[in-house]
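1. this is a predicted model, with the sequence first.
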Amino acid sequence: MARPTVNFDTVRQIGLALPGVEDSTAYGNLALKAHGKLLACVPIHRSAEPDSLVVKVDFGDRAALLAEAPDIYYVTEHYVGYPSVLVRLSRVSPDVLRDVLAMAYKFVTRKAASRSSAQKHRKPGPRN
């Protein structure tokens, strides 16, 4: 049985089902953003393999993904310092892609929620 072809249209279909996710661009390429924060995009750095996707994840989740499925997930030197992982779309199934996008969504929205919470709880400074 042939694996369904996964491309950015598949990424869009899965990602846009998440609350607050919208089509966007990042560095001139197709992207998805959750509440204005980058969730996933087509990589522009030449170190990325063709037909890849950059997905925002925390460093711990990235390490787990790389250890679990190095045939699907990878990182190049350019991306090592960023909380993200590269996904080979030709090797990922729609179900696995759904899981990694959900992981990215939690990471991106958790970061935004914690910043918002910190701002709400900050004591106001003196006004000039």
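-> It's in.
2. only C-alpha atoms from now on, for both contacts and neighbour counts.
-> Will do.
3. model confidence for residue 13, exactly?
-> Residue 13 is assigned a predicted lDDT (pLDDT) of 97.
4. now residue 57. Its backbone dihedrals?
-> Torsion angles at residue 57 (phi, psi; degrees, to the nearest 10) stand at phi -140, psi 160.
5. and it, what does it touch?
-> Taking Cα atoms under 8 Å, 6 or more residues apart in numbering as the definition of contact, the neighbours of residue 57 are 83-85, 103-104, 107-108.
6. repeat for residue 40
-> Neighbouring residues of residue 40 by Cα under 8 Å, 6+ apart: 31-33, 53-56, 101, 104.
7. 10 Å instead?
-> With Cα atoms under 10 Å, 6 or more residues apart in numbering as the criterion, the residues that contact residue 40 are 8, 11-12, 15, 24-26, 30-34, 53-57, 84-86, 101, 104-105.
8. which residue ranges of the chain form helices?
-> For the chain, the helices defined by DSSP state H cover 8-15, 59-68, 94-121.
9. export these as JSON lines, with columns for distance to residue 77 and mean neighbour count.
-> Written out in JSON lines, the entries for the helices of the chain read as follows (distance: least, Cα to Cα, whole Å; neighbours: other Cα atoms under 10 Å):
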{"stretch": "helix 8-15", "distance to residue 77": "23", "mean neighbour count": "17"}
{"stretch": "helix 59-68", "distance to residue 77": "14", "mean neighbour count": "15"}
{"stretch": "helix 94-121", "distance to residue 77": "21", "mean neighbour count": "15"}
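10. adding distance to residue 46, write those out as a markdown table.
-> A markdown table is the format used below for the helices of the chain (distance: least, Cα to Cα, whole Å):
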| stretch | distance to residue 46 |
| --- | --- |
| helix 8-15 | 18 |
| helix 59-68 | 20 |
| helix 94-121 | 23 |
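11. figure out which of those is closest to residue 38.
-> Taking Cα to Cα as the criterion, helix 94-121 is the member of the helices of the chain that comes nearest to residue 38, at 7.5 Å.
12. so for the closest one, what's the average pLDDT?
-> Helix 94-121 shows a mean pLDDT of 80 in the predicted model.
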